[in-house]
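> Below are the sequence and a predicted model; questions follow.
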Amino acid sequence: MSKKAAFILSLLGVATGISISAGVPAGSSTPASGSTAIPAQTAPADQPKVIQIVAHKFAFEPNRITLKKGVPATLQLSSRDVQHGFYIRGLKVDEEILPGTTTEVTITPDKAGTFPTICDHFCGLGHKKMNMTVVVEE
Ligand SMILES: [Cu+2]
């Protein structure tokens, strides 16, 4: 009885092993070949716009940026002093900005509007006033 159970289990194990090993190479090879072909032809047009934002007590520089709806943009966030946050509620962006590193986030706004952006990591007495504006144009 236990031998029979072990036999069934081993069959299941083999079957599972086959389906996993067959699925992984097929899935990973398709995107890899696709992404090598794209940069050669359309890399410049597809390159997201890069915007650098520096956080410090108690402001962001620049304190207003403009993006386009549906167009990807890469935000490079850095801090001049302590840890800050970067929270755009309306665009579902929530990042930590650590001193000494650049936090990169690429967003593609799906709606136009004016989005208040705040530091959501307490950084001192002026923290509550630390904000900027992200404008998304249609
Ligand atoms: Cu803050």
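Sure thing, it's come through.

> Let me see the mean pLDDT of stretch 78-93.
Averaging pLDDT along stretch 78-93 yields 97.

> Any idea how far apart the tips of that stretch sit?
With Cα to Cα, to the nearest Å as the measure, stretch 78-93 spans 15 Å from end to end.

> Buried residues of that stretch, list them for me.
78-79, 84-88, 91, 93 (16 or more other Cβ atoms under 10 Å). Bear in mind the C-beta positions are built from the backbone N, C-alpha and C, glycine included.

> now, which of those lie close to the ion?
Contacts with the ion are made by His84 out of the buried residues of stretch 78-93, judged by Cβ under 5 Å from the ion.

> Go through the buried residues of stretch 78-93 and flag which are in strands.
Of the buried residues of stretch 78-93, the ones assigned to strands by DSSP state E are 78-79, 84-88, 93.

> Contact residues of this structure facing the ion?
Looking at the ion, the residues of the chain close enough under Cβ under 5 Å from the ion are 84, 119, 123, 127, 130.

> Try it again at 8 Å.
55, 57-58, 84-85, 118-124, 126-127, 130 (Cβ under 8 Å from the ion).
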